[in-house]
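coordinates only, sequence not included:
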């Protein structure tokens, strides 16, 4: 159990280091272009967040190491005690053997037997005693070997602890430097706070328009399916009426209760697809091959203005220029449309689940087309003014928006 926890922590540490390096590369590229933007601040915030998680991870590993050191120290003491007892027992055996004398005495002991059966019994006793003595010697040597192994493990664990403490110190120093960079960047960006607020209002308007468009498409689909269902019910009733009339059967009273559809109903194939989608929660591939999240899902304060609240429908993922957007799960392209400020957007249906991809400059697919997991859908829009490529990714369950970070595979 302890080893499993240790492996998981080390795996998480490697993942966090990889994510930090990826974000560092993105920030370095922006700095080389002498660009100071809100996106750069968000990347730095994301980097600091990952660094804090890394420090927490290292602290957990240190706790784990402390437990291992205590356990291994206890094992060393136990083996030392066991060796001491075994040596004492072996010393008594050797002393007893010495007192009994040599092999000649053993022969005399056998030949002095009063009967043949007694001689056989004495021979077995001598052999068993000899075996017992040899076994005790082996137990002593085995215990000594195990003690050496435990001491080696203990020393190795202590070295790991020293390395982790060094890493912890280094990461904390780096975190202080990054927070200083963050303060400087915030100070510089706040000089244009009115411009940034105006830009955020534009983003909010685009987000609201996207939300209304998604809801409209879903409502249209619900209406179409309701009409189709009512048509099928009407045709079924007419068929039953004809059959009842031909067979002189009194028709059943009609149920006038309306069963309005308030959410997307699924066919058996769509139901299987949405169940597969649901079973992959936390395991979906990212919509871009490389990238990091710069804006999280849900309501939160603007990084430069705590009074300005952002209600994010999905997540913003910053990626490299020229990157492609990929489908996170097989499904059907429901709609492709354009929203000012969000460029082209693609909706893909996975049963009642829907994924939305926006900020796309070039679309590869068509509405009604079936697409597969990781299939390229289009090219991420590159903002030349801000020198950044960001795509927004959303997941909906019918008319309910979901947090994509709960569904994507941890990097």
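Looks like it came in fine. In this text, all values refer to a predicted model and were calculated from it rather than measured experimentally.

going forward, measure contacts between C-alpha atoms and count neighbours the same way
Fine.

check which helix or strand covers residue 117.
helix 116-189 (DSSP states H and E).

and that helix, what other elements does it pack with?
Applying 3 or more C-alpha pairs under 8 Å, 6 or more residues apart in numbering; DSSP states H and E, one finds that helix 116-189 contacts helix 38-100, helix 103-111.

State the mean pLDDT of stretch 217-226.
The pLDDT scores in stretch 217-226 average 82.

residues of it that come out buried?
For stretch 217-226, a neighbour-count test (16 or more other C-alpha atoms under 10 Å) marks 218-219, 221-223, 225-226 as buried.

Next, give me the two most distant ones among these.
Maximum pairwise distance in those, criterion C-alpha to C-alpha, is 12.1 Å, between 218 and 226.

in the stretch 251-400 of the chain, which spans are helices?
268-279 (DSSP state H, counting those that start in this stretch).

so where's the stretch 101-250 of the chain shaky on pLDDT?
Counting by pLDDT under 70, the stretch 101-250 of the chain contains low-confidence ranges at 101-114, 116, 118-119, 121-137, 140, 243-250.

Now with 80, please.
101-148, 150-151, 153-154, 187-197, 222, 225-250 (pLDDT under 80).

do the stretch 251-400 of the chain as well
In the stretch 251-400 of the chain (pLDDT under 80), the answer is 251-270, 307, 386.

Now do the strands in it.
Using DSSP state E, counting those that start in this stretch, the strands of the stretch 251-400 of the chain run over residues 292-295, 298-301, 309-312, 315-319, 324-326, 331-339, 343-350, 353-363, 370-371, 376-380, 382-383, 388-397, 400-402.

strands paired with the fourth one, and their directions?
Neighbouring strands of strand 315-319 in its sheet, by DSSP bridges, are strand 292-295 (antiparallel), strand 388-397 (antiparallel).

From the rest of the structure, what touches the first one?
Strand 292-295 is contacted by residues 19, 22-23, 39, 42-43, 45-46, 312, 315-319 when judged by C-alpha atoms under 8 Å, 6 or more residues apart in numbering.

Name the nearest of those residues relative to residue 72.
residue 19 (33.9 Å).

which element is the closest one on?
Taking DSSP H and E as the definition, residue 19 sits inside helix 2-32.

just checking, what packs against that helix?
helix 38-100, strand 292-295.

Save these as a markdown table, and put in mean neighbour count and distance to residue 165 too.
Converted to a markdown table, those look like this (neighbours: other C-alpha atoms under 10 Å; distance: least, C-alpha to C-alpha, whole Å):
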| stretch | mean neighbour count | distance to residue 165 |
| --- | --- | --- |
| helix 38-100 | 17 | 8 |
| strand 292-295 | 21 | 28 |
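
out of the ones you listed, which comes closest to residue 8?
helix 38-100 (9.9 Å).

got the angle for that closest one vs strand 388-397?
Between helix 38-100 and strand 388-397, the angle comes out at 70 degrees (axes from the mean of the first three to the mean of the last three C-alpha atoms, to 10 degrees).

and helix 38-100, how far from the chain's centre?
28 Å (C-alpha atoms, centre = their mean, to the nearest Å).

With stretch 164-182 instead?
24 Å.

Pull the residues that contact that stretch.
With C-alpha under 8 Å, 6+ apart, stretch 164-182 has contacts from 41, 44-45, 48, 51-52, 55, 58-59, 61-62.

buried ones in it?
164-165, 168, 171-172, 175, 178, 182.

care to break this structure down by domain?
2-192, 270-406 (automatic domain parsing).

Out of these, indicate the one that is most buried.
Mean neighbour count (mean count of other C-alpha atoms under 10 Å) peaks for domain 270-406 among the domains of the chain, with a mean of 19.

Would you pull up how far that domain lies from the middle of the chain?
For domain 270-406, the distance to the chain centre is 19 Å (C-alpha atoms, centre = their mean).

hang on, the earlier thing: and the helices and strands packed on helix 2-32 as TSV, adding distance to residue 188?
Shown next, in TSV, are these (distance: least, C-alpha to C-alpha, whole Å):
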stretch	distance to residue 188
helix 38-100	10
strand 292-295	19
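
Looking at these, spot the one closest to residue 385.
Taking the helices and strands packed on helix 2-32 one by one with C-alpha to C-alpha, helix 38-100 is closest: 11.9 Å.

Just the mean pLDDT for that closest one, thanks.
79.

quick one: it to helix 116-189, angle?
Going by the same axes, to 10 degrees, helix 38-100 makes 160 degrees with helix 116-189.

elements contacting helix 38-100?
So helix 38-100, by 3+ C-alpha pairs under 8 Å, 6+ apart, packs with helix 2-32, helix 116-189, strand 292-295.

How far off centre is the first one?
In terms of C-alpha atoms, centre = their mean, the centre of helix 2-32 is found 13 Å from the chain centre.

That helix versus helix 38-100: what angle between them?
150 degrees.

now the end-to-end length of stretch 363-377.
From its first residue to its last, stretch 363-377 covers 6 Å (C-alpha to C-alpha, to the nearest Å).

Make 40 the first number, not 1, from now on.
Sounds good: first residue 40 from here, last item stretch 402-416.

And the contacts of it?
Contacts for stretch 402-416 (C-alpha under 8 Å, 6+ apart): 324, 326, 363-375, 383, 417-418.

swap in stretch 47-56?
Under C-alpha under 8 Å, 6+ apart, the answer for stretch 47-56 is 89-90, 92-93, 96-97, 99-100, 450.

now do stretch 224-244
75-77, 80, 343, 349, 380.

Which single one of the buried residues of stretch 203-221 is nearest to residue 390?
Of the buried residues of stretch 203-221, the one sitting nearest to residue 390 (C-alpha to C-alpha) turns out to be residue 221, at 43.0 Å.

Residue 358 versus the closest one, what's the distance?
From residue 221 over to residue 358 (counting by C-alpha to C-alpha), the distance is 21 Å.

do residue 391 as well
Counting by C-alpha to C-alpha, the gap from residue 391 to residue 358 is 29 Å.

And residue 211, by the same measure?
27 Å.

And for residue 382?
Distance from residue 382 to residue 358, by C-alpha to C-alpha: 16 Å.

Kindly report the same for residue 277.
Distance from residue 277 to residue 358, by C-alpha to C-alpha: 57 Å.

tell me the average confidence for the helix holding residue 58?
78.

Contacts for stretch 356-366 next, please.
Contacts of stretch 356-366 (C-alpha under 8 Å, 6+ apart): 65, 325-334, 396, 399, 410-419, 421, 427-432.
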